[in-house]
Each structure stands twice: as C-alpha cells, then as structure tokens.
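Undergrad: Predicted structure and sequence below. I'll ask about it afterward.
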Amino acid sequence: MNILIPPRNNFDLLRFLFAITVFLVHSYQLSGTSNLALFSYLSSAVAVKSFFVISGFLIFMSYENSISIKSYFLKRVRRIYPAYFVVILLSALLGYFFSSYTLIDYFSFEWINYVFFNLIYLNFMSPNLPGVFNGNLMHAVNGALWTLKIEVLFYLSVPLIVYFSLKFGRIKVFFSTLFLSCLYIYLLNFLHIPHAEELMRQLPGQLPYFLAGGLIYYYFGYFKLHAHLLLALSVLAFTFDGALFKFIELFPLAIIVIYFACMFKYLGNFSKYGDFSYGIYILHFPILQAVVQSGLFNSNPYFAFCLALVLVLAGAFLLWHLVEKRFLYKSSHYLSVMK
C-alpha cells in the first residue's frame, strides 16, 4: 500500500518535545522540590499518549512498506533494542556506586533478577536494584520503561490487525478493537477494580491511541482533505470536559498530533544531527534519580535541574552515535534525515 505523506514533516520535532515534556514532569515528581512546581502543569500522560499516536501512524506505515514480516520485525528490533539493552546493563552496573549495599550483597540474585526481567521488558517484575535510590521519593531505577513493553506489544499486534483487516475489513477491525479497548477502560472504572489506574496503563488501555494513529495513516488522503476542519473540531472538543470527552479524547488528540506533524508548516530538519528523543526517554529517569540522591536538588535545585538536563542530552547524543544509528539499515529514515 503506497500512502503518500509529506516527506518534510515534524514527527522528529514532536517526539523530541514529548520526550522533553516527560523529563520536565519527572524532574519535579522525582525531586519533590517546589522550585520546579511549574512543571506540574505539564502532562507526561498526554505526552506518552501522543507518542503512542505517532507510533501507530509510523509503525503501520513501516509494516506496509516492509517487504516481509521478517523485515518489519528486524527494523523494529534494530531501532529500539540495542539502546535499551545498553541502558539496562549500564544502569545495573553503575547502580553499585549509588547503592548502600556492599559489592557482594549488591551483585546478588536480586541484581540478576533486575537484569533478566528488564531485558525482556517485564520491568514491573523487578523495578529496583539492591540498595539503590532507597532514600529517594521513588525507588524504581527507571520508572519510564513501562511504555517500552506496551510499544513492543504494539509491534506484535500490527501484523494481526492488518491480517484481520484484509479478511474482514479495516473499518470493522479497527473500530471493533477500539470499542473493546475502551470497554476495558470503562469496566475498570465502573467496577472499581483494585489497581485500576495501573491496569489502564497496560496494553488494552493504551491501544486506542495507537489505533487512532494507524487509522489516520490509512485514511491520510481523507485526513489531508479535511485537515483544517478536523483540527478546529478537535480543538473545540478540548474546551469541553466530563466523562464523555474523556472516553473519546483519543480522536481529538490524534488529529491534533498528526496535524502538527504533517500539515503544519515544516519547521526544518530537526534530526540533522541525530534522533535523540528515544535516548532522552530511556535515559532521563535513572539520571534524575542519581542527581536526586546526590542531594543537589535540596541545596541548589536550579543547578541540579540544569545538570540533569545536560547529562540527559549528552547521554542521548552518545547513545545515538555510539549505539542506535550503528544498528540501523542504511535506508532508515533516521539516517536519511541526517544527510
């Protein structure tokens, strides 16, 4: 399927902005300093949902442009796993210097558990390292990685969704899946199930945003034709509140995100020097935790924030150039935009 989207788009810029938004929110939440309270007005949840919308648009496009399922999965593995692997191992090894445990006690079965479960994306099974960040407000080493598990499940779901779409019709499959996903969210709220908020963050609860991005990709011609009207209606929708809007917010959000990615004025080749959004996202949490443990946020919060930001950006730069881009195919979009 050959669906033409503008080759000059703002996807890279948006992903960078969403990653920075998550960093800003976490810098306030993890440090607990009132000096950064301004960041509490930002929403990491909206940023993550927007990530999922973009992912839905681009991953369905990647699948349709792949010569085989094997090619599709290899592209996905090469894009996310090498950097993820490095971050997990570095966190596990460097964590010793932030641990209250002795060397022998640190490199224990608990340490092995952390490495094993995190390398297979089951972060919730072992989020902590022995004696690391125990004095912080949150003890998890990298609490942002829960979305990577969801992302991997998205990748696995795409071939099935496309297969059933060809068999039963795209509209039927997409909207029936959307309905079941939204029903899952509604039942969790209605039945007051324990840990409902955490359960809603898992695959069925996040799938609508991914599917919304995919739908806009498949019907991009229609979207492009009515983009300005759809944007106006979506902005209007955000002026309303209540249960009904919260139930259907994914459509206005998806429209606004893809509009600014594809229809808004092109703001330049933002990834000319590399795509740092993924690195920022998977590195920022442990770096913030380390700076929090150092006590700098208590003594000099603005310096601590700037230090964390510099470390995150430098780390993302190194992760891209030393790891991420070395595993990509030469034909990858991420490499072509650097030329």
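TA: That came through, no problem.

Undergrad: where exactly do the helices run in the stretch 51-200 of the chain?
TA: 69-94, 103-106, 109-119, 146-168, 170-190, 196-200 (DSSP state H, counting those that start in this stretch).

Undergrad: so which of the ones you listed gets nearest N10?
TA: Closest to N10 of the helices of the stretch 51-200 of the chain is helix 69-94 (Cβ to Cβ; 19.4 Å). Backbone N, C-alpha and C define where each C-beta goes, glycine included.

Undergrad: and the angle from the closest one to helix 146-168?
TA: 170 degrees (axes from the mean of the first three to the mean of the last three Cα atoms, to 10 degrees).

Undergrad: Mind listing what's buried along helix 69-94?
TA: Within helix 69-94, the residues that count as buried by 16 or more other Cβ atoms under 10 Å are 72-73, 75-76, 79-80, 82-84, 86-88, 91-92.

Undergrad: That helix vs helix 109-119, what angle?
TA: Using the same axes, to 10 degrees: helix 69-94 against helix 109-119 is 150 degrees.

Undergrad: Pull the distance from helix 69-94 to the chain's centre.
TA: From the chain centre to the centre of helix 69-94 is a distance of 14 Å (Cα atoms, centre = their mean, to the nearest Å).

Undergrad: name the helices or strands packed onto that helix?
TA: Other elements packing on helix 69-94 under the criterion 3 or more Cβ pairs under 8 Å, 6 or more residues apart in numbering; DSSP states H and E are helix 44-64, helix 109-119, helix 146-168, helix 277-294, helix 301-322.

Undergrad: which other helices and strands contact the shortest one?
TA: Identification of packing neighbours for helix 109-119 by 3+ Cβ pairs under 8 Å, 6+ apart yields helix 69-94.

Undergrad: One more: the last one?
TA: In terms of contact count using 3+ Cβ pairs under 8 Å, 6+ apart, helix 301-322 is assigned the packing partners helix 11-31, helix 69-94, helix 277-294, helix 296-299.

Undergrad: in it, what counts as buried?
TA: Neighbour-count burial for helix 301-322 flags 301, 304-305, 307-309, 311-313, 315-316, 319-320 (criterion: 16+ other Cβ under 10 Å).

Undergrad: Could you tell me the angle between it and helix 277-294?
TA: Relative orientation of helix 301-322 versus helix 277-294 (the same axes, to 10 degrees): 140 degrees.

Undergrad: what's the distance between K167 and V46?
TA: According to Cβ to Cβ, to the nearest Å, K167 stands 34 Å off from V46.

Undergrad: Redo the buried residues of helix 301-322 as TSV? Include pLDDT and distance to T177.
TA: Below are the buried residues of helix 301-322 laid out as TSV (pLDDT from 0 to 100; distance: Cβ to Cβ, whole Å):
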residue	pLDDT	distance to T177
P301	96	45
A304	97	44
F305	97	41
L307	98	44
A308	98	39
L309	98	39
L311	98	40
V312	98	35
L313	97	38
G315	97	37
A316	97	34
L319	97	34
W320	96	34
